[in-house]
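*Asks:* Curious how this folds, go ahead:
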Amino acid sequence: QLSQKINERKSLDLKVQEMVDRHNNVIKSFEVRMNHLQKLLSEKEAQMISCQTALNEAKMEIARLKRL
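*Replies:* Modelled structure (predicted):
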């Protein structure tokens, strides 16, 4: 009976460890996706700032041309 309990315990320990491993893999996958999204967001922010700068320059040029 003690041997059976030990075997059950080992089996449950293995199942718990498998669940923990799967959970850790999900977390790692999520972190990779988040890092990728953060990189994309940074790139888009830089692109937006560049576009805003170009737009402001165009507005200033239009304003200058109107004064002529």
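
*Asks:* All the helices of this structure, in order from the start?
*Replies:* Remark: helices assigned in the chain by DSSP state H are 2-67.

*Asks:* Check it and tell me which residue is nearest its centre.
*Replies:* Nearest to the geometric centre of the chain sits M34, at 0.7 Å (CA atoms, centre = their mean).

*Asks:* Please report how far that one lies from S3.
*Replies:* M34 is 46 Å from S3, where distance means CB to CB, to the nearest Å. Just so you know, the C-beta spots here come from the backbone N, C-alpha and C atoms, and that holds for glycine as well.

*Asks:* C51 now?
*Replies:* C51 is 72 Å from S3, by CB to CB.

*Asks:* the more surrounded of the two?
*Replies:* C51 (10 against 7; other CB atoms under 10 Å).

*Asks:* okay, the more buried one: pLDDT?
*Replies:* For C51, the pLDDT comes out at 98.

*Asks:* do the same with K39
*Replies:* Model confidence at K39, given as pLDDT, is 98.

*Asks:* What's the local residue count around it?
*Replies:* K39 has 10 nearby residues by other CB under 10 Å.

*Asks:* before we move on, what about V20?
*Replies:* 10.

*Asks:* Also A63?
*Replies:* 9.

*Asks:* Give me the distance between it and N25.
*Replies:* 57 Å.

*Asks:* Could you count how many residues lie near L14?
*Replies:* Using other CB under 10 Å: L14 sits among 10 other residues.

*Asks:* wait, L55
*Replies:* 10.

*Asks:* Quick one, grab the pLDDT at it.
*Replies:* You'll see L55 listed with a pLDDT of 98.

*Asks:* same check, this time on L68
*Replies:* Predicted confidence (pLDDT) for L68: 88.
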